[in-house]
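Colleague: Any chance you can model this:
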Amino acid sequence: GMLVDEPMGNGLKAMTARSIKWNVIDRVSSQVLYAVTGIILARVLSREDFGLVGAVMVFQAFASLFVDSGFSYALIQRKNPSRLDYSTVLWFNMAVAVGVYVILFFGAPVIAWCYDGDERLVALSRVMFLSFILNASAIVQTNRLMKRMDVKMVAVSNTLGLVAGAVVGISMAFGGYGAWAIVWQTIILNGVKSLVLWVTSGWRPLLRFSMASLRGFFKVGSGMMASSFLNVLFQNVYAFFIGNRAGLVPLAYYTQADKWSKMGITSISQVLTSSFLPALSHVQDDEERFCRVSGKMNRFTAYILMPAMGFLAVMAQPIFHCLFGEKWDASVVLFQLLLARGVFTVLTSLYNNYLVAKAQTKTVVAMEGLRDGAAMIFLLATLPWIALTKTDDPVWGIKLLLYGQLGASALTWGVMAVKTARVAGRTVWGFVADILPYLAETAVIMGIMWVESLFVANDWMLLGTQAATGLMLYLGFNGVMNSVVQGEVISMLRKNLPGKPKKRVRG
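Modeller: Sure, this is the predicted structure:
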């Protein structure tokens, strides 16, 4: 006889489940470490320190984008990349990273000029930007593992990097180094992560570069590059204008809200993309299976996404109070607005996966264009008021800006659902119906959690009560309604729990 796991249908399903498991372990451990470090730094460092780093981060995000160059998407999408393909992308990314770093090194005074000529930004940004070169060296290593759906080492390298970064960052914060604590935390994190992947992967690049290979990636790569560029532009243009118009402290309120809301949003997005995209490209040529798989993915996403964003929004105030005291109270309402926008962001990025798997990169770019056009119109409309404050509300203008962005995201999601449903061979109503039950349950439970906040004054007690209520009612509702998705999630968790005896199958 031979030992095998319990059969999970086809091999693809098993690989996807394993990949989701390691992606979840990676995201959870990363987020816990990242959160603990972030909480300590938010308590120790001043609002202005965060404002300074927020200003550098705007430029950091752009430059990182060129370094990744969209070719990593192309590598994952291609069925069997060769060693030469991987090597070419690595050398290309490294060359771009060094080039971008040199430009930014000499451009550092311009960054300071954008924020009232604050000279501290020159040295901070020159050191911070070294992280591009470290990142570029790890992109291909990470991709090879993702392509094989073998995400374990990616999780390990992330965790080790975060631990090392946390130790350095927290020590420096307590040592009085201010904003430098966050800069060195970033550098150490990226350096350790890259080193671990190189040491453990056993893969080494060829000392060769193929133009033909690069051109092959260009079609998918450049489309994704354009869409990522717009994406990053719009994620960071707000921070730029807030810092430039309203100053570093309002920018710090915004960056805290943005950072903590993104933790949930990006985690959900990344787990879904890295686990679903490879699975979708396996069924890209089978219309009927693609249609079925996409429906399942919609429901799975809604099942996780709706309560995650909704419950966090209701619990925002106690969360902020328990973690940071009252220092960041002005960030709470911004955090809630960003979570609401995040629902549309995650759904849109899920639909992007369907389009990429079907190689519809033109549509992807067109959709990004629409989203960014809408965001831009709303941004320009609210721009004159960004710096406005009221006595009891230091972020009144920023709130206005975010309401506009929420509207733009909702609009884009609507158009995108119409386009994507067609590509997936479904109706728009089908797409909406996938989401509705989970949205309705979440809304009802949020109401109950909000009522609890009227009766419980202690922040820690309120947080515990609301979390328990939300979780129990949500699992209960879905249990009563015989949710297929919930059944599958629970059985997947059971299957992957350690220490479970494997079934012996005769063969």
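Colleague: Now do the strands in this structure.
Modeller: 2-3, 504-505 (DSSP state E).
Colleague: weakest of these by average pLDDT?
Modeller: Looking at these, the lowest mean pLDDT belongs to strand 2-3 (a mean of 33).
Colleague: who's in contact with the nearest residue to residue 345 once chain neighbours are set aside?
Modeller: Sequence neighbours aside, residue 265 is the residue nearest to residue 345 in space, at 5.8 Å (criterion: Cβ to Cβ, 6 or more residues apart in numbering). To be clear about C-beta, it is placed using only N, CA and C from the backbone, and glycine gets the same treatment. Residue 265 sits next to 309, 338, 339, 342, 345, 346 when contact means Cβ atoms under 8 Å, 6 or more residues apart in numbering.
Colleague: For the second one, which residues are in contact?
Modeller: By Cβ under 8 Å, 6+ apart, the contact set of residue 338 is 257, 258, 261, 262, 265, 402.
Colleague: Roughly how far does it sit from residue 256?
Modeller: As judged by Cβ to Cβ, to the nearest Å, residue 338 and residue 256 stand 11 Å apart.
Colleague: now the fifth one
Modeller: Between residue 345 and residue 256 the distance, using Cβ to Cβ, works out to 18 Å.
Colleague: and what of residue 416?
Modeller: For residue 416 relative to residue 256 (Cβ to Cβ), the value is 29 Å.
Colleague: same check, this time on residue 17
Modeller: 35 Å.
Colleague: The nearest residue to residue 198 once chain neighbours are set aside: neighbour count?
Modeller: Excluding its sequence neighbours, the residue lying closest to residue 198 (Cβ to Cβ, 6+ apart) is residue 141, at 6.4 Å. Per other Cβ atoms under 10 Å, the neighbour tally for residue 141 reads 23.
Colleague: Kindly report the same for residue 238.
Modeller: Neighbours of residue 238 using other Cβ under 10 Å come to 22.
Colleague: which ones are touching it?
Modeller: Residues near residue 238 by Cβ under 8 Å, 6+ apart: 254, 379, 401, 405.
Colleague: try residue 471
Modeller: Contacts of residue 471 by Cβ under 8 Å, 6+ apart: none found.
Colleague: try residue 258
Modeller: Residues counted as contacts of residue 258 (Cβ under 8 Å, 6+ apart) are 239, 334, 338.
Colleague: For the stretch 351-500 of the chain, which residues score under the pLDDT cut-off?
Modeller: Low-confidence segments of the stretch 351-500 of the chain (pLDDT under 70): 492-493, 495-500.
Colleague: Kindly recompute the last result at 50.
Modeller: Within the stretch 351-500 of the chain, the segments meeting pLDDT under 50 span 500.
Colleague: Do a quick rundown of the helices in it.
Modeller: Along the stretch 351-500 of the chain, counting by DSSP state H, counting those that start in this stretch, helices occupy 361-382, 396-424, 428-455, 459-480, 484-496.
Colleague: Give the ChimeraX command for selecting the buried subset of the contacts of residue 265.
Modeller: For the buried members of those, the matching ChimeraX selection, counting by 16 or more other Cβ atoms under 10 Å, is:
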select :309,338,339,342,345,346
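Colleague: Which members of the contacts of residue 265 are the farthest-apart pair?
Modeller: Between any two of the contacts of residue 265, the greatest separation by Cβ to Cβ is 12.3 Å, found for 338 and 346.
Colleague: Might one say that the residue nearest to residue 198 is in contact with residue 196?
Modeller: No. Residue 141 is beyond contact range of residue 196, at 9.3 Å (criterion: Cβ atoms under 8 Å).
Colleague: still on that earlier bit, ok, residue 17 and residue 256, which is more surrounded?
Modeller: residue 256 (24 against 21).
Colleague: Distance-wise, check the more buried one relative to residue 53.
Modeller: Here residue 256 is placed at a distance of 11 Å from residue 53 (Cβ to Cβ).
Colleague: what about residue 268, how many neighbours?
Modeller: Number of residues near residue 268 (other Cβ under 10 Å) recorded here: 22.
Colleague: And residue 367, by the same measure?
Modeller: By the measure other Cβ under 10 Å, the count of residues near residue 367 is 21.
Colleague: And it, how close does it get to residue 419?
Modeller: According to Cβ to Cβ, residue 367 and residue 419 sit 7 Å apart.
Colleague: Next: residue 327.
Modeller: Remark: distance between residue 327 and residue 419 (Cβ to Cβ) = 44 Å.
Colleague: now residue 174
Modeller: Distance, residue 174 to residue 419, by Cβ to Cβ: 51 Å.
Colleague: out of the two, which sits in the busier spot?
Modeller: Ranked by neighbour count (other Cβ under 10 Å), residue 174 and residue 419 place residue 419 first, with 19 against 11.
Colleague: can you pull the contacts of the residue nearest to that one when sequence neighbours are not counted?
Modeller: With Cβ to Cβ, 6+ apart as the measure, residue 363 is the residue that lies nearest to residue 419, at 6.1 Å, once sequence neighbours are left out. Each residue near residue 363 by Cβ under 8 Å, 6+ apart is listed here: 355, 419, 423.
Colleague: List just the nearest of the residues you listed to residue 183.
Modeller: Nearest to residue 183 among the contacts of residue 363 is residue 355, at 37.0 Å by Cβ to Cβ.
Colleague: Off-centre distance for stretch 437-446?
Modeller: Centroid displacement of stretch 437-446 relative to its chain, using Cα atoms, centre = their mean, to the nearest Å, is 24 Å.
Colleague: Could you pull up the residues touching residue 271?
Modeller: By Cβ under 8 Å, 6+ apart, the neighbours of residue 271 are 20, 23, 24, 27.
Colleague: Let me know the pLDDT of it.
Modeller: Model confidence at residue 271, given as pLDDT, is 71.
Colleague: how near is it to residue 28?
Modeller: Computed with Cβ to Cβ, the distance linking residue 271 and residue 28 is 10 Å.
Colleague: same check, this time on residue 106
Modeller: Residue 106 is 40 Å from residue 28, where distance means Cβ to Cβ.
Colleague: Then residue 327?
Modeller: Taken as Cβ to Cβ, the span from residue 327 to residue 28 is 27 Å.
Colleague: Then residue 87?
Modeller: Distance, residue 87 to residue 28, by Cβ to Cβ: 33 Å.
Colleague: which one of these two has more residues nearby?
Modeller: Between residue 87 and residue 28, residue 87 has the larger neighbour count (other Cβ under 10 Å), namely 20 against 13.
Colleague: Spit out the residues that contact residue 367 and residue 419 alike.
Modeller: Common neighbours of residue 367 and residue 419 (Cβ under 8 Å, 6+ apart) are 351, 355.
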